[in-house]
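S.K.: Predicted coordinates and the sequence they were generated for:
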Amino acid sequence: MDDLALTVAEDLCAYYEMVRAQTHRWVDPLSDEQLWQRPFHHGNSIGHLLLHMTGNLNYYIGARIAGTGYTRDREREFTESERKAKAEVLAAFDLAVALVTATIRRQNADDWLRAYSAEREPEAKERFHIFLRCAGHAYHHVGQIICLAREVKKVA
């Protein structure tokens with residue numbers, strides 16, 4: 001791997017690990033009950049955001065690049081009625097991040113520019129784009145988790 005490809009890979013991996021760490025920072029102190037609370041009637045719970053982040057990474061990077069065969073049910077990420085334990089939801093998220101970082105580390109210099117296509121991502125034309133897009137998407141939801149965590153702690 002050339003220097004630029006290695007730098008890109010390591011910096012992207014560090015970013016995804018930061019997203020994982022920030023997610024844990026805000027979710028770890030919550031109870032299972034708080035994980036599934038919807039402090040705003042029109043919004044999501046933290047648990048549903050975690051399901052969504054996990055599904056996003058498993059589909060766009062896992063299925064479409066790593067070839068995991070993951071089948072996504074995006075709607076269910078927001079409507080799941082089963083209230084899984086916080087530890088289980090976080091473990092699935094952690095596995096998704098680990099899959100992403102392992103996939104990033106397997107990319108060689110030519111792989112970053114390989115053609116990419118996926119449902120709901122017409123702008124993604126090469127692999128680098130989707131890795132970057134998914135990183136930004138995940139951190140956007142971390143911001144939402146921070147706001148929701150502050151709200152559910154007020155209610156408790």
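M.R.: It's in.

S.K.: what about the helices in the protein?
M.R.: Taking DSSP state H to define them, one finds helices in the chain at 3-27, 32-36, 46-57, 74-79, 86-106, 127-155.

S.K.: What mean pLDDT does the last one get?
M.R.: What that stands for is helix 127-155. Averaging pLDDT along helix 127-155 gives 94.

S.K.: now the angle from that helix to helix 3-27?
M.R.: Taking axes from the mean of the first three to the mean of the last three CA atoms, to 10 degrees, one finds helix 127-155 and helix 3-27 inclined to each other by 20 degrees.

S.K.: Pick out the residue closest to the middle of this protein.
M.R.: Centroid check for the chain by CA atoms, centre = their mean gives Met53 as the closest residue, at 3.5 Å.

S.K.: Surely it touches Leu95?
M.R.: No. Counting by CB atoms under 8 Å, Met53 stays clear of Leu95, with 12.0 Å between them. Yep, even glycine has a C-beta here, placed from its N, CA and C like the rest.

S.K.: and for those two, which residues touch both?
M.R.: Common neighbours of Met53 and Leu95 are not found (criterion: CB atoms under 8 Å, 6 or more residues apart in numbering).

S.K.: Can I get stretch 73-84 in CSV, CA atoms only?
M.R.: Extracted C-alpha coordinates of stretch 73-84, given in CSV (Å, rounded to 0.1, in the frame of the first residue of the first chain):
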residue,chain,number,x,y,z
ASP,A,73,-34.5,-3.7,6.5
ARG,A,74,-34.1,0.0,6.9
GLU,A,75,-37.7,0.7,7.9
ARG,A,76,-37.4,-1.8,10.8
GLU,A,77,-34.3,0.0,12.1
PHE,A,78,-36.8,2.8,13.1
THR,A,79,-39.8,0.7,14.0
GLU,A,80,-38.4,-2.3,15.7
SER,A,81,-40.7,-3.1,18.6
GLU,A,82,-38.4,-5.6,20.4
ARG,A,83,-36.5,-3.7,23.1
LYS,A,84,-33.1,-5.6,23.0
